[in-house]
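Trainee: Pasting the sequence and the predicted model now:
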Amino acid sequence: MKKTAVMGASGRMGREVISQLTASSLLEFHSGVAQEGGEFVKTPENLNASDVEVVIDFSLPEGFEKILKFCTDHRIPLVSGTTGLSDQHFQSLKEASQKIPVLWASNMSIGVAFMSFLLKQYSAIKHFDFGIEELHHSKKIDSPSGTALTLKSSLEEAIEKPVDQVVALRGGGIYGIHKVWAMSPDESITLEHTALNRTVFASGAVKAAEWLVHKKQGQYSLSDVLEL
Ligand SMILES: NC(=O)c1ccc[n+]([C@@H]2O[C@H](COP(=O)([O-])OP(=O)(O)OC[C@H]3O[C@@H](n4cnc5c(N)ncnc54)[C@H](OP(=O)(O)O)[C@@H]3O)[C@@H](O)[C@H]2O)c1
């Protein structure tokens with residue numbers, strides 16, 4: 001069993017990841033980091049690096065920065081689902097991938113990875129108008145969601161034009177709804193994904209970590225894991 005550390009261990013996603021790790025036959029929960037500490041350590045430097053074999057991160061951009069440095073310094077594979085990252089963060093991720101295996105995904109569900117895959121077909125209707133809608137719970141900080149931005153970029157690549165309309169709604173306890181609209185004067189198509197729980201993201205991240213732990217340095221995506 002590979003010893004797994006969780007960054008953001010006290011959060012909504014971190015707790016779910018720890019729970020999903022109990023179902024893994026390859027990974028086991030070893031230690032956690034949370035800003036406020038509590039039952040976990042407060043910074044990655046307080047982790048016992050020689051014991052940690054893989055890290056799963058669901059925190060905030062500042063936490064992502066710290067855990068990326070820790071993993072790079074200690075040559076530990078990193079799976080991260082933290083969103084709200086800047087271009088500089090993505091650049092750091094790219095640089096880290098020269099030394100360690102990294103997998104970042106704005107959405108760890110198979111459904112959204114499949115949705116991105118389907119969007120490649122939208123090149124056939126590139127003359128349509130397009131828009132993206134996303135809805136999340138009221139506590140979500142970043143807006144539009146990382147998933148909406150990923151879908152936007154997949155769509156723009158397929159239709160070879162910018163998608164300017166991205167609408168974000170926040171409220172209640174919605175885990176995540178993403179809808180891609182394609183509209184012509186005569187018809188409309190909507191491609192919609194609804195996350196029915198948080199487990200879907202946590203189990204996706206655990207599956208990604210089980211896969212990543214055996215890889216050499218490089219930057220990987222969820223579609224590599226799912227072979228989409
Ligand atoms: N990729 C996906 O599939 C997916 C799915 C859902 C959510 N997300 C993303 O995952 C992230 C976490 O979401 P959440 O709902 O779990 O948030 P949350 O409940 O607010 O939890 C955030 C966690 O990160 C910790 N943290 C934040 N900054 C830190 C720092 N500088 N150092 C150490 N720990 C730090 C927090 O510790 P304290 O509580 O002690 O402050 C907490 O444990 C967000 O970016 C969210 O958008 C991604």
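Mentor: Yep, that arrived.
Trainee: Look up how far the ligand lies from residue 165.
Mentor: 22 Å (CB to the nearest ligand atom, to the nearest Å). From N, CA and C alone the C-beta is placed, and that goes for glycine too.
Trainee: what residues are up against residue 156?
Mentor: Taking CB atoms under 8 Å, 6 or more residues apart in numbering, we find residue 156 in contact with 162-163.
Trainee: A helix includes it, no?
Mentor: Yes: according to DSSP: H, G, I helix; E, B strand; the rest coil, residue 156 belongs to a helix.
Trainee: residues from the chain in reach of the ligand?
Mentor: By CB under 6 Å from any ligand atom, the part of the chain that sits against the ligand consists of 8-14, 33-36, 58-60, 62-63, 66, 81-84, 105-108, 142, 201.
Trainee: any idea how far the residue located most distally from the centre of the chain lies from residue 223?
Mentor: Among the C-alpha atoms of the chain, the one most distant from their mean position (CA atoms, centre = their mean) is that of residue 186, at 35.9 Å. Look at residue 186 and residue 223: by CB to CB, to the nearest Å, they are 33 Å apart.
Trainee: Tell me, how many residues neighbour the residue in the chain positioned nearest to the ligand?
Mentor: Nearest residue of the chain to the ligand (CB to the nearest ligand atom) works out as residue 11 at 2.0 Å. Here the number of neighbours of residue 11 (other CB atoms under 10 Å) works out to 18.
Trainee: List the contacts of the closest residue in space to it that isn't next to it in sequence.
Mentor: Spatial nearest neighbour of residue 11, chain neighbours left out: residue 58 (6.2 Å); criterion: CB to CB, 6 or more residues apart in numbering. Contact partners of residue 58, counting by CB under 8 Å, 6+ apart, are 6-8, 11, 13-14, 17, 80-82, 201, 205.
Trainee: switch to 6 Å and redo it
Mentor: Contact analysis of residue 58 by CB atoms under 6 Å, 6 or more residues apart in numbering lists 8, 13-14, 81.
Trainee: what do you get for residue 78?
Mentor: Residue 78 touches 55, 71, 102, counting by CB under 6 Å, 6+ apart.
Trainee: Make TSV from those residues and add distance to residue 95 and pLDDT to it.
Mentor: Listed next are these as TSV, based on distance: CB to CB, whole Å; pLDDT from 0 to 100:
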residue	distance to residue 95	pLDDT
55	17	98
71	12	98
102	10	98
